[in-house]
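K.L.:
Dropping a prediction and its sequence here:
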Amino acid sequence: MADDTSRNGSRRPNVILITTDQQRGDCVGYDTRGVRTPHIDRLASTGTRFSTCITPHPMCQAARASILTGKLPYTHGVRDNGRNLEERYGKEGLGGIFSRAGYQTRFIGKAHLSTHETFQATGMAECYNSVNQYPADWGGPYFGFQSVELLLRPHHHCTWSDPPYTLHYENYLNTDGQGRQRWERAKVHANPESLADTTHLQVWRSALDDEWHSSPWVGDRAVELINARSNDASTEPLFAWVSFPDPHPPFLAAAPWSSQYHPEEVDIARYRKLDLDKRPWWHRAFLESPIRRNVKRPHAQGGQDWGESSELNETQLRDITAVYYGMISAIDHQVGRIIEALENSGELDNTIILFTSDHGEWLGDHGLLLKGPMLYDGLLRVPLVMSGPDIPAGRCVDDPVSTLDIRATLSQLCSLDASADNGTSLVGLMQGTEIRDFALNEWEVDETRSGIGMDLTTVRSRRYRMSVDLRTDTGELYDMQEDPFELHNLFDDASHAGTRAELMEMIHSRPHDQVPAAPRVGWH
């Protein structure tokens, strides 16, 4: 096992990678929406933030596979949710390379590195149909991580199942045999007499006490890990991926977070018109597809279509936005607890903390809710903040980057030997010695799951965002400098033909290292 010093002789840093699920890039305190995140803001002031970081895929499973591997979706094969990442990729993923370097590697929270809702048992621990094959004390290894504490049902659109169809979080809920009751109580409105609590099927101010929700559970596990290490004589540095399932819908928070923001005071989407006639063909086709709406999801709570994104009125959107902000503030509170635990253990100054999300959320932009093949900025862009040794303080990088870059960045900062991937280290950007021109996103939109078939590729440059269906050569192009709300599609505008050609060159610069799509094994 490697010792605890880096190549230059200094003590090797710990790494805490903190991720959320479906958090927009503008929904942090240092951005524009008025979300209160003082602890994430602290990381930004003591470190570097990236104002134009995009996700390589707008769906959870593929985006997480890309963070783990540093590979684009067409290079690791998970081109959509419901397609399992091959376990061999874990050996060269974040968990694998840090484990081989002598780090203690832990994963806490929502992994979603394999499919939950499958057509039949896959043998994976995260599969609803095969988790019963794992003993109650199972804790890894998993995709290169030596030990894990996971949620099998990270969101309340899922039905409850009793043990042995559970993992660590569900077993916590079921400590005294009351797991099912707690799961159901989470979707009981705390104030049913309030009209604001009943305006939309996706939003609740939960009657379940906050201590039983996922964010405190993930935070507790992370703090316990840090505290246990401070009492341990081991000198192994730590790499921990701490993964919060919120603010993914259903939008659900308990007191005090559910009332942190008044619906009348939140900053809601500025442009809320569902103007499908002005958009490429796939916007309407996706929303109106009978295939997508008729997919039978046996694990969906109440048999409802939790992918519904029908037109929103302002009252509904304000209510959803207020709870969404509250979910983010609840996570920020746990981030503060993690920072405090590191301070108390004397490890904060020797710990790299990276905060990001897998993808964003429409949150009313263009009349849309949730996510899909409309890559508006709210869905495409995510927060990215890094703080710790060798990371410049108070710096903001505007160059377009990607969560693909995390693996290469952490490898360089921790002096790890790692194979090349599709990402590029962000160290040069943080030091001001390099620039970046664009970042890519790609999605093989599957007709079986989404109701339409596409080869959808998106490029985000310093000024523009362009999304193209490579099968039909149709697309959308927006000038993010002059048109930040993405109202005017310039894709077929002759005066922007040169810009379109330049952006297509960026798309085609992608390495020719694609692999076949992983087989579809389920829905989510």
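P.N.:
Here it is on my side, so go on.

K.L.:
quick one: secondary structure of residue 191?
P.N.:
coil (DSSP: H, G, I helix; E, B strand; the rest coil).

K.L.:
Give me the neighbour count for it.
P.N.:
Residue neighbour count, defined by other Cβ atoms under 10 Å, stands at 14 for residue 191. C-beta coordinates here come from the backbone N, C-alpha and C atoms, glycine included.

K.L.:
Low-confidence regions, the chain specifically.
P.N.:
1-10, 193-198, 233-234, 293-311 (pLDDT under 70).

K.L.:
what about residue 456, which SS state?
P.N.:
Taking three-state DSSP, the label given to residue 456 is strand.

K.L.:
check contacts around the closest residue to it other than its chain neighbours.
P.N.:
The shortest distance from residue 456 to any non-neighbouring residue, by Cβ to Cβ, 6 or more residues apart in numbering, is to residue 443 (4.7 Å). Applying Cβ atoms under 8 Å, 6 or more residues apart in numbering to residue 443 gives the contacts 57-59, 62, 73, 79-80, 373, 454, 456-457.

K.L.:
which of these has the most neighbours?
P.N.:
residue 62 (31 neighbours).

K.L.:
gap between the residue nearest to residue 456 and residue 349?
P.N.:
To residue 349, residue 443 is 40 Å away according to Cβ to Cβ, to the nearest Å.

K.L.:
and what of residue 384?
P.N.:
Counting by Cβ to Cβ - residue 384 and residue 349 are separated by 21 Å.

K.L.:
how about the strands in the stretch 251-400 of the chain?
P.N.:
251-254, 351-357, 381-382, 384-387, 395-397 (DSSP state E, counting those that start in this stretch).

K.L.:
Of the ones you listed, give the one that comes closest to residue 223.
P.N.:
strand 351-357 (13.5 Å; Cβ to Cβ).

K.L.:
so what strands line up beside that closest one?
P.N.:
Note on strand 351-357: by DSSP bridges, its sheet partners are strand 14-20 (parallel), strand 384-387 (antiparallel).

K.L.:
will you turn the contacts of residue 443 into TSV that also has distance to residue 500?
P.N.:
Formatted as TSV, these follow (distance: Cβ to Cβ, whole Å):
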residue	distance to residue 500
57	23
58	22
59	26
62	26
73	23
79	25
80	26
373	19
454	18
456	16
457	13
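
K.L.:
of these, closest to residue 188?
P.N.:
residue 59 (29.4 Å).

K.L.:
The residue nearest to residue 456 belongs to a strand?
P.N.:
Yes. With three-state DSSP as the criterion, residue 443 is located in a strand.

K.L.:
all helices of the stretch 1-150 of the chain, in order?
P.N.:
For the stretch 1-150 of the chain, applying DSSP state H, counting those that start in this stretch gives helices covering 38-46, 60-69, 73-76, 89-92, 94-100.

K.L.:
Redo those as CSV? Include distance to residue 448.
P.N.:
Listed next are those as CSV, based on distance: least, Cβ to Cβ, whole Å:
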stretch, distance to residue 448
helix 38-46, 38
helix 60-69, 15
helix 73-76, 17
helix 89-92, 23
helix 94-100, 30
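
K.L.:
quick one, which of those is packed in tightest?
P.N.:
Highest mean neighbour count among the helices of the stretch 1-150 of the chain (mean count of other Cβ atoms under 10 Å): helix 60-69, with a mean of 28.

K.L.:
Which residue would you name as the spatial centre of this protein?
P.N.:
residue 358 (2.0 Å; Cα atoms, centre = their mean).

K.L.:
Once you drop chain neighbours, what's closest to it?
P.N.:
Going by Cβ to Cβ, 6+ apart, residue 358 has residue 63 as its nearest residue, at 4.1 Å.

K.L.:
who's in contact with the one you found?
P.N.:
So residue 63 contacts 55-57, 358-359, 403 (Cβ under 8 Å, 6+ apart).

K.L.:
closest to residue 393 among these?
P.N.:
residue 403 (22.0 Å).

K.L.:
Tell me which residues touch that closest one, please.
P.N.:
With Cβ under 8 Å, 6+ apart, residue 403 has these contacts: 53-56, 63, 66-67, 356, 358, 382, 384.

K.L.:
Now it. Its backbone dihedrals?
P.N.:
phi -70, psi -10 (degrees, to the nearest 10).

K.L.:
Tell me which residues touch the closest residue to it other than its chain neighbours, please.
P.N.:
Leaving aside its sequence neighbours, residue 403 sits nearest to residue 67 (Cβ to Cβ, 6+ apart; 5.1 Å). Residue 67 is in contact with 19, 94, 356, 358, 403-404, 406-407, counting by Cβ under 8 Å, 6+ apart.

K.L.:
which one of the residues you listed is nearest residue 514?
P.N.:
residue 404 (14.8 Å).

K.L.:
what about the closest one, how many residues close to it?
P.N.:
If we define neighbours as other Cβ under 10 Å, then residue 404 has 29 of them.

K.L.:
can you pull the contacts of it?
P.N.:
So residue 404 contacts 56, 66-67, 70-72, 421-423, 439 (Cβ under 8 Å, 6+ apart).

K.L.:
ok so, going back, which of the strands paired with strand 351-357 is buried the deepest?
P.N.:
Of those, strand 384-387 is the most buried (mean count of other Cβ under 10 Å), at a mean of 26.

K.L.:
How far off centre is it?
P.N.:
Between the centre of strand 384-387 and the centre of its chain there are 15 Å (Cα atoms, centre = their mean, to the nearest Å).

K.L.:
same deal with stretch 173-188?
P.N.:
On Cα atoms, centre = their mean, the centre of stretch 173-188 falls 26 Å from that of its chain.

K.L.:
And for that stretch, what's in contact with it?
P.N.:
153, 156, 160, 162-163, 166, 170-171, 204, 206-208, 212-213, 250, 252, 301.

K.L.:
buried set for that stretch?
P.N.:
By neighbour count on 16 or more other Cβ atoms under 10 Å, the buried set for stretch 173-188 is 173-174, 179, 182-183, 185-187.

K.L.:
Next, the distance between the ends of it.
P.N.:
Taking Cα to Cα, to the nearest Å as the measure, stretch 173-188 stretches 16 Å from start to finish.
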